[in-house]
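Student: Let's see this in three dimensions:
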Amino acid sequence: MAILSSKWLWIALTNAAIVAVLYINCRTEMHTEIVIDATPEEVWAVLIDTERYPEWNPVFVEADGKFQVGTSISNQVVEPCKDAVVMTANVLAVEPLSHINQSGGIPGIITFDHHYYLEAEGAGTRVIQHETDMGLYMYFWDSSWVEPAYASVNEALKALVEG
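Tutor: So this is what the prediction gives:
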């Protein structure tokens, strides 16, 4: 029997195609913005000071590590009405005063690609958080809390920097 006519090969290829389509469609984007009445330098100083996160950050209540390319940061993340979980983020990019990119997760299951962008705007700074979550687990996980949580991080950052 030729390999291409084998029913098991066709079953395997069909299953692989189904999993690929499911994976490609498992994508959620989150986006928040805020303008802070402070310079990018002032905002950046607070944002990269992970040791102070417990003092002000309502979502990343602890962060162990530094925003340096090639390092990892261990974050204790609080989801509403749940216990904190530890997530490790790999720092992929750091452009002082303008951009941080970190990602993590389990490839194929659930991954995140999180960005902070700082843009000078008049006398202030626009802070943007943008995240893409992907993976088959997205079909089972209610991520609706993430965008409002990131908005609360923005508000807390603003209160601290402007305070």
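
Student: Point me to the helix or strand that includes the spatially most central residue of the chain.
Tutor: Centroid check for the chain by Cα atoms, centre = their mean gives H114 as the closest residue, at 3.1 Å. H114 belongs to strand 110-121 when assigned by DSSP states H and E.

Student: what does R126 give?
Tutor: Following DSSP H and E, one finds R126 within strand 124-134.

Student: follow-up on the earlier one: gap between the residue nearest to the centre of the chain and I100?
Tutor: H114 is 8 Å from I100, where distance means Cβ to Cβ, to the nearest Å. C-beta coordinates here come from the backbone N, C-alpha and C atoms, glycine included.

Student: on that earlier part again, quick check: buried residues in the strand holding H114?
Tutor: By 16 or more other Cβ atoms under 10 Å, the buried positions in strand 110-121 come out as 110-116, 118.

Student: biggest separation within those, which pair?
Tutor: Spatial extent of the buried residues of strand 110-121 (Cβ to Cβ) is set by the pair I110 and L118 at 27.3 Å.

Student: got the contact list for E162?
Tutor: 36-38 (Cβ atoms under 8 Å, 6 or more residues apart in numbering).

Student: Which single one of the buried residues of strand 110-121 is nearest to I48?
Tutor: Using Cβ to Cβ, these come closest to I48 at Y116, 9.3 Å.

Student: List the contacts of that closest one.
Tutor: Counted by Cβ under 8 Å, 6+ apart, Y116 has contacts 47, 99-100, 127-129.

Student: what do you get if the cut-off is 7 Å, keeping everything else the same?
Tutor: 47, 99-100, 127, 129 (Cβ atoms under 7 Å, 6 or more residues apart in numbering).

Student: And the helices in the chain?
Tutor: 7-24, 40-47, 53-56, 146-162 (DSSP state H).

Student: Tell me which of the ones you listed approaches G135 most closely.
Tutor: Proximity to G135, assessed across those by Cβ to Cβ, is greatest for helix 7-24 (7.1 Å).

Student: So for that closest one, mean pLDDT?
Tutor: Per-residue pLDDT over helix 7-24 has a mean of 73.

Student: wait, I48 sits on F67?
Tutor: Yes: counting by Cβ atoms under 7 Å, F67 is a contact partner of I48 at 4.9 Å.
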